[in-house]
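**Student:** model this:
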Amino acid sequence: MRSHQPDQSGGRPRSTVRRSLQALVLMFAMVVGTLPWTGAAQAHGTVIGPATRAYQCWKTWGNQHTNPAMQQQDPMCWQAFQANPDTMWNWMSQLRDGLAGQYQARTPDGQLCSNALARNDAVNQPGAWKTTAVSRNLTVQMYDQASHGADYFQVYVTKQGFNPATQRLGWGNLDLIATTGRYAPAQNISFNVSLPARSGNQILFVLWKASHLDQTYMWCSDITIA
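**Tutor:** Residues are numbered from 1 along each chain as shown. Below you'll find the model as predicted:
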């Protein structure tokens, strides 16, 4: 039988050291597995003002996503975290490649808020999403961590009579209100839009065509027009 006595240097037995190292490796793997994936492929951006659904949930609850109060105080974010917390952790990575401008043909009604990504379907769900109060002269603020720039942005708002508490968003529910020009690569991009007359809660739908590749992003921001 192999001896477990310390070596002549007074150190611990090799088997003890080996078990300690194995435990450290296992612990490291478990910690890494709980971290959000934010590699280079995920480093993109989103509209932060007015906040998109995933970004609003991450900003409000990311540091306390296990807080049971979320279920009562912000039920739509609670539902989204239950469905797939990665939707919020990777709020800047809601993109699809190679749409070639065929946005409506390749993005089915009811899947606009998720950019037709099944993993993010929770943000398509109708309900009492938290809203941002805005004026009719609105500044849209975009954060692009990787500074890709934009070929353009398209900005839409829901038609009067659409109810985000009970309806999924479709193309027929939207009015196009602005198409911007190009923007040079930068982390922070902002532009002004004028909203048509609306009342009650609405959805601001923004489409971003990035400049570096044929990558398209789509998001929903819940607003109340003051």
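
**Student:** How much space separates the spatially most central residue of the chain from residue 174?
**Tutor:** In the chain, the centroid-proximal residue (Cα atoms, centre = their mean) is residue 91; its distance is 2.2 Å. According to Cβ to Cβ, to the nearest Å, residue 91 stands 22 Å off from residue 174. To be clear about C-beta, it is placed using only N, CA and C from the backbone, and glycine gets the same treatment.

**Student:** re earlier: the residue nearest to the centre of the chain contacts residue 53, correct?
**Tutor:** No: Residue 91 is beyond contact range of residue 53, at 9.0 Å (criterion: Cβ atoms under 8 Å).

**Student:** Please name the spatially closest residue to residue 50 (chain neighbours excluded).
**Tutor:** Using Cβ to Cβ, 6 or more residues apart in numbering and skipping the chain neighbours, the partner closest in space to residue 50 is residue 132 (3.7 Å).

**Student:** residues touching the one you found, list them.
**Tutor:** Neighbouring residues of residue 132 by Cβ atoms under 8 Å, 6 or more residues apart in numbering: 49, 50, 51, 56, 221, 222, 223, 224.

**Student:** Which residues does it form beta bridges with?
**Tutor:** Beta-bridge partners recorded for residue 132 (DSSP bridges): residue 223.

**Student:** The residue lying closest to residue 167 once chain neighbours are set aside: neighbour count?
**Tutor:** Spatial nearest neighbour of residue 167, chain neighbours left out: residue 126 (5.4 Å); criterion: Cβ to Cβ, 6+ apart. A count of nearby residues for residue 126, using other Cβ atoms under 10 Å, gives 15.

**Student:** next one: phi and psi at residue 126?
**Tutor:** Here is the backbone geometry of residue 126 (degrees, to the nearest 10): phi -70, psi 150.

**Student:** do the same with residue 86
**Tutor:** Main-chain dihedrals, residue 86, degrees, to the nearest 10: phi -60, psi -30.

**Student:** what pLDDT does it get?
**Tutor:** Listed pLDDT for residue 86 reads 96.

**Student:** Look up the closest residue to residue 65, ignoring the ones flanking it.
**Tutor:** Counting by Cβ to Cβ, 6+ apart, residue 65 lies nearest to residue 81, which is 5.5 Å off, once chain neighbours are set aside.

**Student:** so the closest residue to residue 62 other than its chain neighbours, which of the three states?
**Tutor:** Using Cβ to Cβ, 6+ apart and skipping the chain neighbours, the partner closest in space to residue 62 is residue 88 (6.5 Å). Three-state call for residue 88 (DSSP: H, G, I helix; E, B strand; the rest coil): helix.

**Student:** Mind checking what helix or strand follows the helix or strand hosting residue 54 in sequence?
**Tutor:** According to DSSP states H and E, residue 54 maps onto helix 53-61. Sequence-wise, the next helix or strand downstream of helix 53-61 (DSSP H and E) is helix 70-73.

**Student:** Need the contact partners of that next one.
**Tutor:** Here helix 70-73 makes contact (Cβ under 8 Å, 6+ apart) with 61, 64, 77, 78, 81.

**Student:** what are the C-alpha coordinates of the helix or strand containing residue 79, in PDB please?
**Tutor:** Using DSSP H and E, residue 79 maps to helix 75-83. Output of helix 75-83 as PDB, limited to C-alpha atoms (Å, rounded to 0.1, in the frame of the first residue of the first chain):
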ATOM      1  CA  PRO A  75     -43.500  40.300 -13.400                       C
ATOM      2  CA  MET A  76     -42.500  40.500 -17.100                       C
ATOM      3  CA  CYS A  77     -38.800  40.600 -16.100                       C
ATOM      4  CA  TRP A  78     -39.300  37.800 -13.700                       C
ATOM      5  CA  GLN A  79     -41.000  35.700 -16.400                       C
ATOM      6  CA  ALA A  80     -38.100  36.500 -18.800                       C
ATOM      7  CA  PHE A  81     -35.500  35.500 -16.200                       C
ATOM      8  CA  GLN A  82     -37.300  32.200 -15.600                       C
ATOM      9  CA  ALA A  83     -37.500  31.500 -19.300                       C
END
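
**Student:** Perfect, I'm done here.
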